[in-house]
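[1] my questions are about this predicted structure, shown below with the sequence.
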Amino acid sequence: MKSARAFELPQQTLSKLIFNLVVPRPIAWISTVSIEGAVNLAPFSFYNAITTKPPLLMVSIGKRKDGSLKDTSKNIKETGEFVVNVVTRNLLEKMHLTGRDYPPQANEAEELQVELEPSICVKPPRVKESPASLECVVKEIVPLGSTPMDVVIGEVVALKWKEELLDTSKGVVGRLGGKRYCCVAEEIDLSHLK
Ligand SMILES: Cc1cc2nc3c(=O)[nH]c(=O)nc-3n(C[C@H](O)[C@H](O)[C@H](O)COP(=O)(O)O)c2cc1C
């Protein structure tokens, strides 16, 4: 077993440890629309639920290497809306590829043939094949860290889901370290325990 104080570690090592030790992370495949109407789709795994009343989610969006805003951040800041699409095994490769650095005018969904359909309450469309999507409006954006990251807090205003997801999460994908992923294959139900 190794040990260290965080401040003693080089940043690269610290990042590698966080990426590999905080696992599996849920994946938010986020669709947004720019102010000009261009659709953007990108994955984020520094993502989680915060509260259910009201239903709040958080996603932490970093900067590009050149310090500029990622399209998702820019669109969210401009329009105040985003949609989180749940990723299952059949969508894994396409989701991963939308994480590449596409130019702002590129439509990742179109290039990768990811079919979209209208959302209920917000402008960004949802991924048609996704088994669930959470439509969000921005509640707060908290800049954190030295770069800094945009920690976006969104309130869920509408949802679309396949009913079977409430009984089983089989097939839902999570992020591990590096380019490794996992897929829910086994569920252990402890509901018989008090
Ligand atoms: C599975 C996965 C998870 C990712 N998680 C994050 C994340 O939590 N925060 C982040 O800033 N970038 C994350 N990325 C990288 C972004 O998806 C990538 O920078 C993407 O190009 C951003 O696209 P955009 O400029 O269209 O918003 C992740 C990439 C992948 C493949």
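    Here it is on my side, so go on.

[2] ok, and what's touching the biggest helix by length in the chain?
    Criterion DSSP state H: the longest helix present in the chain is helix 11-21. Applying C-beta atoms under 8 Å, 6 or more residues apart in numbering, the set of residues contacting helix 11-21 from outside is A6, L9, L176, G177, G178. C-beta coordinates here come from the backbone N, C-alpha and C atoms, glycine included.

[3] measure the closest residue to the second one other than its chain neighbours to S146 for me?
    In space, not counting the residues next to it along the chain, L9 is nearest to L17; the distance is 7.4 Å by C-beta to C-beta, 6 or more residues apart in numbering. For L17, the distance to S146 under the criterion C-beta to C-beta, to the nearest Å works out to 18 Å.

[4] kindly report the same for T52.
    Distance, T52 to S146, using C-beta to C-beta: 32 Å.

[5] same check, this time on H96
    From H96 across to S146, the span is 28 Å (C-beta to C-beta).

[6] of these two, who's got more company?
    Under the neighbour definition other C-beta atoms under 10 Å, H96 and S146 were set side by side, and H96 has more, 17 against 6.

[7] pLDDT score for the more buried one?
    In this model, H96 is scored at 98, pLDDT.

[8] with N107 instead?
    Predicted confidence (pLDDT) for N107: 89.

[9] quick one, phi psi at the residue lying closest to it once chain neighbours are set aside?
    Among residues not flanking N107 along the chain, V39 sits closest, at 5.7 Å (C-beta to C-beta, 6+ apart). Main-chain torsions, V39, degrees, to the nearest 10: phi -80, psi 140.

[10] list the contacts for V39?
    By C-beta under 8 Å, 6+ apart, the contact list for V39 reads S31, T32, V33, N107, A109, E110, L116, P124, P125.

[11] now these as JSON lines including distance to V59, neighbour count and secondary structure?
    Listed next are the contacts of V39 as JSON lines, based on distance: C-beta to C-beta, whole Å; neighbours: other C-beta atoms under 10 Å; DSSP: H, G, I helix; E, B strand; the rest coil:
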{"residue": "S31", "distance to V59": "13", "neighbour count": "31", "secondary structure": "strand"}
{"residue": "T32", "distance to V59": "11", "neighbour count": "25", "secondary structure": "strand"}
{"residue": "V33", "distance to V59": "16", "neighbour count": "19", "secondary structure": "strand"}
{"residue": "N107", "distance to V59": "21", "neighbour count": "14", "secondary structure": "coil"}
{"residue": "A109", "distance to V59": "18", "neighbour count": "19", "secondary structure": "helix"}
{"residue": "E110", "distance to V59": "23", "neighbour count": "12", "secondary structure": "helix"}
{"residue": "L116", "distance to V59": "19", "neighbour count": "20", "secondary structure": "strand"}
{"residue": "P124", "distance to V59": "14", "neighbour count": "26", "secondary structure": "coil"}
{"residue": "P125", "distance to V59": "18", "neighbour count": "20", "secondary structure": "coil"}
